[in-house]
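>>> Here is my input, please return the structure:
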Amino acid sequence: MSTPRTEIRPTHLVRLAGSLLVGGFLVNLVVTLFHPSGQEDNHPVIFAKYAASDLWVAIHFGQFAGVLIALAGLLVLCLVLDQRGGPGVLAKCAMGTTVATAATWTVLQAVDGVTLKQAVDAWASASRSDKGVRFANAETVRWAEWGVQSYFRLLLGLTLLLVGAGIARSRIVPRWLGWTAMLAGLLYIVIGVAVGHSGLEQPGGLVIQLLFLIFMIGVLAAGVRGQRSHAGSEGATLSAQ
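Predicted coordinates for the structure are as follows:
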């Protein structure tokens, strides 16, 4: 005799997605507060700050975890889109780009969080005769980071475009949240292209973060509100019986 499967309601999944998105964002935000910052494309200055950071590797492990948690939230949203019988092709494509984004993020954190740290430490501790070679090595790693960072932003932007389009068509959460996600996705793509051409110091980062935060909080609020409405309707049905 088979055990009946417990159906997970879409409202529960939307709340889970919002919780993962907001939780991952907060984890990343907190650990990034300890990340050295400044003139990102002034390599002698920023490399010295990186070399002086004792928490560098730990910070990047925290960022790695935070972004993966948020990407898991996007995957759950894709699952809801697929289950609701909406734009299935969009949902499946968004799942694929989310997984690709996570893989690219992993490579980025390995390059930035481990390889670059080793390179700048070697430069900072090198003898005067070796400084030039060590600095050139560190710059090469930095430029590799530019490349991976560029493609990470392109993939994340494409993911947000697909998820946002799916939301706008299926209305699993308010349609305006889909448009917000698509706008953030377009800006991510633009900045991704710019990073590939000219480096990490690009305008518009705060605007994107604000749009993404509005989207995440909106998804969480929609999930909580939908679950309360469902619980209220169930309670009313039981009372009527």
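>>> Every contact and neighbour count from this point should use C-alpha atoms.
OK.
>>> Name the residues of the helix or strand that contains Glu145 that are buried.
For Glu145, the enclosing helix or strand under DSSP states H and E is helix 131-170. Burial within helix 131-170, assessed by neighbour count using 16 or more other CA atoms under 10 Å, is assigned to 134-135, 137-139, 141-142, 144-168, 170.
>>> now swap in stretch 111-122 and tell me
By neighbour count on 16+ other CA under 10 Å, the buried set for stretch 111-122 is 111-122.
>>> From these, pick the one nearest Ala184.
Nearest to Ala184 among the buried residues of stretch 111-122, counting by CA to CA, is Asp112 at 24.0 Å.
>>> roughly how far is the helix holding Glu145 from the heart of the chain?
Relative to the centre of its chain, helix 131-170 is centred 11 Å away, using CA atoms, centre = their mean, to the nearest Å.
>>> How about stretch 199-218?
How far stretch 199-218 lies from its chain's middle: 11 Å, per CA atoms, centre = their mean.
>>> which residues touch it?
Contacts with stretch 199-218, where a contact means CA atoms under 8 Å, 6 or more residues apart in numbering, come from 18, 21-22, 25, 39-41, 146, 177-178, 180-181, 183-184, 187-188, 191, 194-195.
>>> one more time with 6 Å
The contact list for stretch 199-218, computed with CA atoms under 6 Å, 6 or more residues apart in numbering, reads 18, 21-22, 177, 184.
>>> Also stretch 113-128?
Here stretch 113-128 makes contact (CA under 6 Å, 6+ apart) with 47, 51, 57, 60, 131, 134-135, 138, 141.
>>> ok, now with 7 Å
By CA atoms under 7 Å, 6 or more residues apart in numbering, the residues outside stretch 113-128 that reach it are 47-48, 50-51, 56-57, 60, 131, 134-135, 137-138, 141-142.
>>> re the thing from before, what's the closest of the buried residues of stretch 111-122 to Thr104?
Nearest member of those to Thr104, counting by CA to CA, is Val111, at 10.6 Å.
>>> Between the two ends of stretch 122-133, what distance do you get?
End-to-end span of stretch 122-133 (CA to CA, to the nearest Å): 10 Å.
>>> quick one: it to chain centroid distance?
35 Å.
>>> Kindly report the same for stretch 182-199.
Centroid separation for stretch 182-199 versus its chain: 14 Å, with CA atoms, centre = their mean.
>>> Please point out which parts of it sit buried.
So, applying 16+ other CA under 10 Å, buried residues of stretch 182-199: 182-196, 199.
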